[in-house]
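K.L.:
Could you work out the structure for the sequence below:
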Amino acid sequence: MRILIYSYNYHPEPIGIAPLMTELAEGLVQRGHQVRVVTAMPNYPERRIYPDYRSKLYCREERNGVQIQRCYVAIRPNPGLVTRVLLDGSFAILSFLQALKGWQPDVILSTSPSLPACVPVALLKLIYGCPTVLSLQDILPEAAVQTGLLTNQLAIRAFELLEKFSYASASHISVITDCFTENLVQKGVPAEKMTRISNWVDTNFIRPLPKHDNTFRRQHQLQDKFVVLYSGNIARTQGVRTIVRAAEQLKHVPDIQFVIAGEANQLKELDQLRQELGIENVLLLPFTPRKALPEMLAAADVSLIMQKANVVGFNMPSKTMVLLASGRAVIASVPEHGAACKAVQKSGGGLTVTPENPTALARAILALYEDPLETKRLGEQGRSYAIANYSFEQALDAYESLLTRMASQTAMGELALSASLEKTR
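P.N.:
Numbers count the residues shown, from 1 in each chain. Down below sits the predicted model:
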């Protein structure tokens, strides 16, 4: 097949949807398909276009057999409503023009966000006469409204219309959890139009490396510490300040060391809180390069998943699979009925606690600190579950099967139409 992947995020962005779409595109190429990717200039998580890509409207690359077509986006470090509109609008328009420069695809796979990208994808569906599959990674604008990121009523209404249009215009929708299916069915999307394909983790890359000879531990003088790690985006939905307040409650246990790794600008507020509380058991670090990620995750005794209480339940952090695959115990401070909570509980790889509750988080950390055998058991259980349920090969098989089915249905329809026209002559 000729597959066009339409994704705002892609390599070299280190976290979020970018590594997943990169692995998927390259995996499809390895199976003999032609793949081109239409994407933005890399900017996440700093929300600044990377230096090598600045002052460019378009650029083309090839990486591991994938054709990559990039376009400029009007990104700002702290986007408000107007700048968000500029960002989404610039990507929708410029990416559409870029998508027209290339071979005709048999099928288009688009990812969300960005929600306004559903418009150019729908136009491409008409122009190329091919099916489209929407890979739904988040449900917008509901998540943005619930967390207070989107408050303007006119903007909310506009995004709700875009949401309905994106579901209606897609030939098929892949969802990452059953919670997404339930949400969309309530909005009138037919269940038969959806297929659940869980996000994945490369379990050969993310693996339980030894702690006793760990480069990350040596670099940061953590050899004899019980390391509690949070790595990832530090945004309004995560509630990472809860970690710092939990650290204050455990400052009397000198062996417990908290490590928070994130984007440098996002660490400033946490550093201010740390100083206000007068604690020294929280180490704030910038993101580690992706190639060093397995070593950093292996340095942890416990890894954290953080969400605020008002995060909509269907939200599923992609780090869930990664942390389970690392072979370390997980503590998830997440809503009780949410997808992340269900995933951790089902895996048997960790504990779940009430979100935005520093005392509950501190108690869970202390319980694992005092029970190393249980901590080890949870890590092993999580690793086994990740291998069995979140392997890349499983997801690649599922996506390849879905895309093939959609492309085949269109081809069969064209053959049927051609035969019908032939009979009428």
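K.L.:
ranges for the strands of the stretch 1-150 of the chain?
P.N.:
Along the stretch 1-150 of the chain, counting by DSSP state E, counting those that start in this stretch, strands occupy 2-6, 34-40, 58-63, 66-71, 107-112, 132-136.
K.L.:
Residue 327 in helix, strand or coil?
P.N.:
coil (DSSP: H, G, I helix; E, B strand; the rest coil).
K.L.:
can you count the residues close to the nearest residue to it once chain neighbours are set aside?
P.N.:
Leaving aside its chain neighbours, residue 327 sits nearest to residue 208 (2.6 Å; criterion: Cβ to Cβ, 6 or more residues apart in numbering). In this view, the C-beta of every residue, glycine as well, is placed from N, C-alpha and C. The local packing of residue 208 (other Cβ atoms under 10 Å) involves 16 other residues.
K.L.:
Now for residue 208: which residues touch it?
P.N.:
With contact taken as Cβ atoms under 8 Å, 6 or more residues apart in numbering, residue 208 is in contact with 298, 326, 327, 328, 379, 383.
K.L.:
Take the strands of the stretch 1-150 of the chain and lay them out in TSV including distance to residue 258 and mean pLDDT.
P.N.:
TSV is the format used below for those (distance: least, Cβ to Cβ, whole Å; pLDDT from 0 to 100):
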stretch	distance to residue 258	mean pLDDT
strand 2-6	38	98
strand 34-40	34	98
strand 58-63	36	97
strand 66-71	37	98
strand 107-112	33	94
strand 132-136	34	96
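K.L.:
how about those strands, which one is nearest residue 363?
P.N.:
Nearest to residue 363, of all those, is strand 132-136, at 35.4 Å by Cβ to Cβ.
K.L.:
What pairs with the closest one, parallel or antiparallel?
P.N.:
strand 107-112 (parallel), strand 172-175 (parallel) (DSSP bridges).
K.L.:
Let's see if you can find the most crowded of the contacts of residue 208.
P.N.:
Using other Cβ under 10 Å as the neighbour test, the contacts of residue 208 are led by residue 326, with 30 neighbours.
K.L.:
residues of stretch 392-407 that come out buried?
P.N.:
Buried residues in stretch 392-407, counted by 16 or more other Cβ atoms under 10 Å: 392, 395, 396, 398, 399, 400, 402, 403, 406, 407.
K.L.:
Just give me how far stretch 58-66 sits from the chain centre.
P.N.:
Here stretch 58-66 is found 22 Å from its chain centre; the criterion is Cα atoms, centre = their mean, to the nearest Å.
K.L.:
For it, which outside residues touch it?
P.N.:
Applying Cβ under 8 Å, 6+ apart, the set of residues contacting stretch 58-66 is 11, 25-26, 29-30, 35-37, 41, 53, 67-72, 94, 98.
K.L.:
if you set the cut-off to 6 Å instead, what comes out?
P.N.:
25, 26, 29, 35, 37, 68, 69, 70, 71, 98 (Cβ atoms under 6 Å, 6 or more residues apart in numbering).
K.L.:
which SS state does the residue nearest to residue 327 fall under?
P.N.:
coil.
K.L.:
Show the pLDDT at it.
P.N.:
pLDDT recorded at residue 208 is 95.
K.L.:
likewise the one 10 residues further on?
P.N.:
Per-residue confidence for residue 218 comes out at a pLDDT of 95.
K.L.:
That one in helix, strand or coil?
P.N.:
Secondary structure, three-state DSSP: residue 218 is helix.
K.L.:
shaky segments in the protein?
P.N.:
Within the chain, the ranges that satisfy pLDDT under 70 run 79, 113, 143-150, 235-237, 312-314, 411-425.
K.L.:
go again using 50 as the cut-off
P.N.:
417, 421 (pLDDT under 50).
K.L.:
per the record, what domains does it have?
P.N.:
If you go by automatic domain parsing, the domain ranges for the chain are 2-200+391-424, 215-389.
K.L.:
winner for burial among these?
P.N.:
Highest mean neighbour count among the domains of the chain (mean count of other Cβ atoms under 10 Å): domain 215-389, with a mean of 20.
K.L.:
how distant is that one from the center of its chain?
P.N.:
17 Å.
K.L.:
Could you do stretch 68-81 as well?
P.N.:
Distance, stretch centre to chain centre, for stretch 68-81: 18 Å (Cα atoms, centre = their mean).
K.L.:
now the end-to-end length of it.
P.N.:
29 Å (Cα to Cα, to the nearest Å).
K.L.:
Also stretch 316-329?
P.N.:
By Cα to Cα, the extent of stretch 316-329 from end to end equals 18 Å.
K.L.:
got it, and stretch 94-110?
P.N.:
16 Å.
K.L.:
Can you pull out the residues in contact with it?
P.N.:
If you take Cβ under 6 Å, 6+ apart as the criterion, stretch 94-110 is touched by 1-6, 36, 38, 58, 69, 71-72, 120-121, 124, 128, 130-134, 403, 406-407.
K.L.:
for stretch 284-304, same thing?
P.N.:
So stretch 284-304 is contacted by 14, 206, 209, 214-217, 226-230, 260-261, 264, 267, 271, 323, 326, 328-331, 368 (Cβ under 6 Å, 6+ apart).
K.L.:
could you dump the strands of the stretch 1-150 of the chain to JSON lines with distance to residue 84?
P.N.:
Formatted as JSON lines, the strands of the stretch 1-150 of the chain follow (distance: least, Cβ to Cβ, whole Å):
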{"stretch": "strand 2-6", "distance to residue 84": "19"}
{"stretch": "strand 34-40", "distance to residue 84": "14"}
{"stretch": "strand 58-63", "distance to residue 84": "22"}
{"stretch": "strand 66-71", "distance to residue 84": "17"}
{"stretch": "strand 107-112", "distance to residue 84": "15"}
{"stretch": "strand 132-136", "distance to residue 84": "20"}
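K.L.:
Relative to residue 357, which of those is closest?
P.N.:
Closest among the strands of the stretch 1-150 of the chain, once you apply Cβ to Cβ, is strand 132-136, at 29.9 Å.
K.L.:
quick check: angle from that closest one to strand 2-6?
P.N.:
Taking axes from the mean of the first three to the mean of the last three Cα atoms, to 10 degrees, one finds strand 132-136 and strand 2-6 inclined to each other by 40 degrees.
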